[in-house]
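*Asks:* Below are the sequence and a predicted model; questions follow.
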Amino acid sequence: MNDNKSAASGTKFSGADATTDLRLVAARKRLAESRGQEDAIEGLREIVANFLGSEEIGLLRVDQTTAALQVFWSFGIDTEKYDLLLALGDAGRERVMGGECHVELAARDRSGAMAKVQAFVPIRMANQTVAILAILRLLPQKHSFDGSDMELFKLLSNEAAMPLFGANGHSKPATDEHLTDERLTDEPGMRA
């Protein structure tokens, strides 16, 4: 909407609305301009880190024939110590598979210790969940998710599948060598 129309209609956007809109435009552009699966995954990591405030991210892929979930990719999560499927739980899984974001306050890791789990976002194509984005602990400067974050969740849910998995949403996972970023392999918890 141009400034003349918004001024004439009396509609004014607050700074928060403008920031939300800019984040959505930037995220949409980053996903749309992805050049292949590896670049789309890096774009997803950038969006979550820069706009949602987390560097602990996992992507669970849904096997469409068995409805089983498997860790497809993760960044900043030690998957040997932390089970994303256990964190999601049965009730959460049902909700997310149905297309709803699921925000948790806390979950237990494999040792029984409490680990903060922030959100599970369905990645959908043709009204079907093809993957689940797990966002764990937030960075110290980010305390919680807000309404603008929920808008970003919706965008990721509706628009990330095509760049990540292609037109049919059923592409095979890339091999580890395609998902490894040599700059990051020394970081604890990194799994390609």
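*Replies:* Arrived safely, thanks for sending.
*Asks:* Which helix runs longest in this protein?
*Replies:* What stands out as the longest helix in the chain, according to DSSP state H, is helix 15-32.
*Asks:* Can you give me the buried ones in it?
*Replies:* Under the neighbour-count criterion of 16 or more other C-beta atoms under 10 Å, helix 15-32 has 20, 23, 24, 27, 28, 30, 31 buried. To be clear about C-beta, it is placed using only N, CA and C from the backbone, and glycine gets the same treatment.
*Asks:* ditto for stretch 31-45
*Replies:* For stretch 31-45, by 16+ other C-beta under 10 Å, it's 31, 34, 37, 38, 40, 41, 42, 43, 44, 45.
*Asks:* center of the chain - which residue?
*Replies:* residue 133 (3.9 Å; C-alpha atoms, centre = their mean).
*Asks:* Are we agreed that that one is in a helix?
*Replies:* No - with DSSP: H, G, I helix; E, B strand; the rest coil as the criterion, residue 133 is assigned strand and is not in a helix.
*Asks:* Which residue ranges of the protein form helices?
*Replies:* With DSSP H as the criterion, the chain has helices spanning 3-9, 15-32, 37-47, 84-97, 147-159, 161-165, 176-179.
*Asks:* which residues sit against stretch 158-166?
*Replies:* 28, 31-32, 34, 37, 39-41, 43-44, 59, 123-125, 130-131, 133, 169, 171 (C-beta atoms under 8 Å, 6 or more residues apart in numbering).
*Asks:* if we can go back for a sec, dump the buried residues of stretch 31-45 to JSON lines, plus distance to residue 161.
*Replies:* What follows is the buried residues of stretch 31-45, written out as JSON lines (distance: C-beta to C-beta, whole Å):
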{"residue": "31", "distance to residue 161": "10"}
{"residue": "34", "distance to residue 161": "12"}
{"residue": "37", "distance to residue 161": "11"}
{"residue": "38", "distance to residue 161": "16"}
{"residue": "40", "distance to residue 161": "10"}
{"residue": "41", "distance to residue 161": "12"}
{"residue": "42", "distance to residue 161": "16"}
{"residue": "43", "distance to residue 161": "13"}
{"residue": "44", "distance to residue 161": "11"}
{"residue": "45", "distance to residue 161": "16"}
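*Asks:* Closest to residue 151 out of those?
*Replies:* residue 31 (14.5 Å; C-beta to C-beta).
*Asks:* Residue 52 reaches residue 134, doesn't it?
*Replies:* No - using C-beta atoms under 8 Å, residue 52 is not in contact with residue 134, being 11.9 Å away.
*Asks:* quick one: the residue lying closest to residue 149 once chain neighbours are set aside and residue 63, what's the gap?
*Replies:* For residue 149, the nearest residue in space outside its immediate sequence neighbours is residue 52; the separation is 5.9 Å by C-beta to C-beta, 6 or more residues apart in numbering. Residue 52 sits 26 Å away from residue 63, going by C-beta to C-beta, to the nearest Å.
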